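Chemist: no sequence for this one, just the structure:
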């Protein structure tokens with residue numbers, strides 16, 4: 001029966017009790033228009049509200065609905081990964097539960113998939129309800145990321161996309177801890193195209209991505225796909241050493257030209273503070289990379305499942321061959 005599923009829709013959920021039933025209703029309405037079999041996989045990422053209870057109720061009412069509930073909050077990327085691990089469709093759609101990405105766009109993605117594209121991502125040409133600051137920082141982030149990494153991550157995109165089952169199988173083989181899903185999909189490759197759409201305001205509830213979480217995600221993306229910050233630390237160290245050497249020559253010349261001159265203590269303090277600050281920054285960058293290596297060596301699972309509803313296979317297909 002599982003082999004007959006054509007579409008899997010993966011929906012990471014964290015404290016979305018206000019919107020989850022509307023999301024489920026609209027997704028079922030859209031997927032019914034395909035006329036083919038589908039499954040809706042809601043991954044509850046340790047919600048503290050009634051999200052899990054609501055989804056479990058939907059699973060009991062609808063045989064096409066699944067629930068994967070984590071033992072605690074592991075993060076959006078881990079929740080998406082769990083959905084991909086359990087998806088059985090020939091095409092897999094990733095969409096957030098907040099309805100900012102309209103489910104109706106999935107039909108356009110399916111059309112492109114039918115044309116032979118293995119990755120169809122949603123490209124936002126308008127973002128309603130988002131501040132100028134957020135749009136500006138998002139644009140800056142993607143431009144910076146594309147300059148720092150050797151892969152090209154499409155501008156103005158999120159995780160909202162359709163991927164072919166072959167891409168999904170490839171994703172299951174990537175088990176790194178610091179995950180950036182849209183970057184991993186770009187790294188895998190395959191034939192890719194975009195569908196443009198207008199991103200709506202949240203249907204209900206508040207965003208779960210604080211500015212701090214966005215910064216952490218941005219750093220995960222940079223650290224996962226680039227070692228250029230380490231190289232930058234080397235370049236900065238080299239430039240500062242050169243500047244110090246030049247300053248040393250200037251001090252010697254002044255000392256020779258004016259033997260009675262007393263060096264100012266203020267300049268020494270300023271120089272020491274500056275160099276110590278740069279050294280700490282460089283050590284911090286190195287520490288971030290070492291911390292990620294440490295996380296990888298522990299080899300812990302990306303997530304732990306507490307409960308499931310509607311999932312009839314025991315193990316995620318992580319080791320499935322392409």
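Modeler: Received the coordinates, thanks. Bear in mind the structure is a predicted one, so any value in this text is a computation, not a measurement.
Chemist: drop to CA atoms for contacts and neighbour counts, all remaining ones
Modeler: Will do.
Chemist: Low-confidence regions, the stretch 1-150 of the chain specifically.
Modeler: For the stretch 1-150 of the chain, residues meeting the criterion pLDDT under 70 lie at 1-3, 127-131, 134-135, 146, 150.
Chemist: hmm, try it at 50
Modeler: Counting by pLDDT under 50, the stretch 1-150 of the chain contains low-confidence residues at 1-2.
Chemist: Then the stretch 201-322 of the chain?
Modeler: Residue ranges of the stretch 201-322 of the chain with pLDDT under 50: 317, 319-322.
Chemist: buried ones in whichever helix or strand residue 289 is part of?
Modeler: Assigned by DSSP states H and E, residue 289 falls within helix 265-298. The neighbour-count check on helix 265-298 (16 or more other C-alpha atoms under 10 Å) flags 278, 282, 285, 289, 292 as buried.
Chemist: Residue 192 - how many residues pack around it?
Modeler: Using other C-alpha atoms under 10 Å, residue 192 is surrounded by 16 other residues.
Chemist: Wait, it touches residue 120, no?
Modeler: Yes - if you go by C-alpha atoms under 8 Å, residue 192 and residue 120 touch, sitting 5.8 Å apart.
Chemist: all strands for the stretch 201-322 of the chain, in order.
Modeler: Under the criterion DSSP state E, counting those that start in this stretch, the stretch 201-322 of the chain contains strands at 305-309.
Chemist: try the stretch 1-150 of the chain
Modeler: With DSSP E, counting those that start in this stretch as the criterion, the stretch 1-150 of the chain has strands at 7-13, 38-44, 65-70, 91-94, 119-127.
Chemist: just so I know, which of those strands lies nearest residue 57?
Modeler: strand 65-70 (9.8 Å; C-alpha to C-alpha).
Chemist: what's the distance between the closest one and the middle of its chain?
Modeler: 20 Å (C-alpha atoms, centre = their mean, to the nearest Å).
Chemist: could the strands of the stretch 1-150 of the chain be laid out in a markdown table, adding distance to residue 25 and mean neighbour count?
Modeler: Shown next, in a markdown table, are these (distance: least, C-alpha to C-alpha, whole Å; neighbours: other C-alpha atoms under 10 Å):
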| stretch | distance to residue 25 | mean neighbour count |
| --- | --- | --- |
| strand 7-13 | 13 | 26 |
| strand 38-44 | 11 | 28 |
| strand 65-70 | 11 | 25 |
| strand 91-94 | 16 | 25 |
| strand 119-127 | 21 | 21 |
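Chemist: In terms of secondary structure, what does the helix holding residue 289 contact?
Modeler: Taking 3 or more C-alpha pairs under 8 Å, 6 or more residues apart in numbering; DSSP states H and E as contact, the helices and strands that helix 265-298 lies on are helix 228-257.
Chemist: One more pass at 10 Å, please.
Modeler: Counting contacts by 3 or more C-alpha pairs under 10 Å, 6 or more residues apart in numbering; DSSP states H and E, helix 265-298 packs against helix 211-225, helix 228-257.
Chemist: Quick one: distance of that helix to the chain centre.
Modeler: The answer for helix 265-298 is 26 Å, by C-alpha atoms, centre = their mean.
Chemist: go on, stretch 136-152?
Modeler: Centre-to-centre, stretch 136-152 and its host chain are 13 Å apart (C-alpha atoms, centre = their mean).
Chemist: related to what we said a few turns ago, which residues are common contacts for residue 192 and residue 120?
Modeler: 112-113, 163 (C-alpha atoms under 10 Å, 6 or more residues apart in numbering).
Chemist: In ChimeraX, how would I select the buried members of these?
Modeler: Those of the shared contacts of residue 192 and residue 120 that count as buried under 16+ other C-alpha under 10 Å are selected in ChimeraX with:
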select :112,113,163
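Chemist: JSON lines please, covering the shared contacts of residue 192 and residue 120 and showing distance to residue 177.
Modeler: Listed next are those as JSON lines, based on distance: C-alpha to C-alpha, whole Å:
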{"residue": "112", "distance to residue 177": "31"}
{"residue": "113", "distance to residue 177": "29"}
{"residue": "163", "distance to residue 177": "21"}
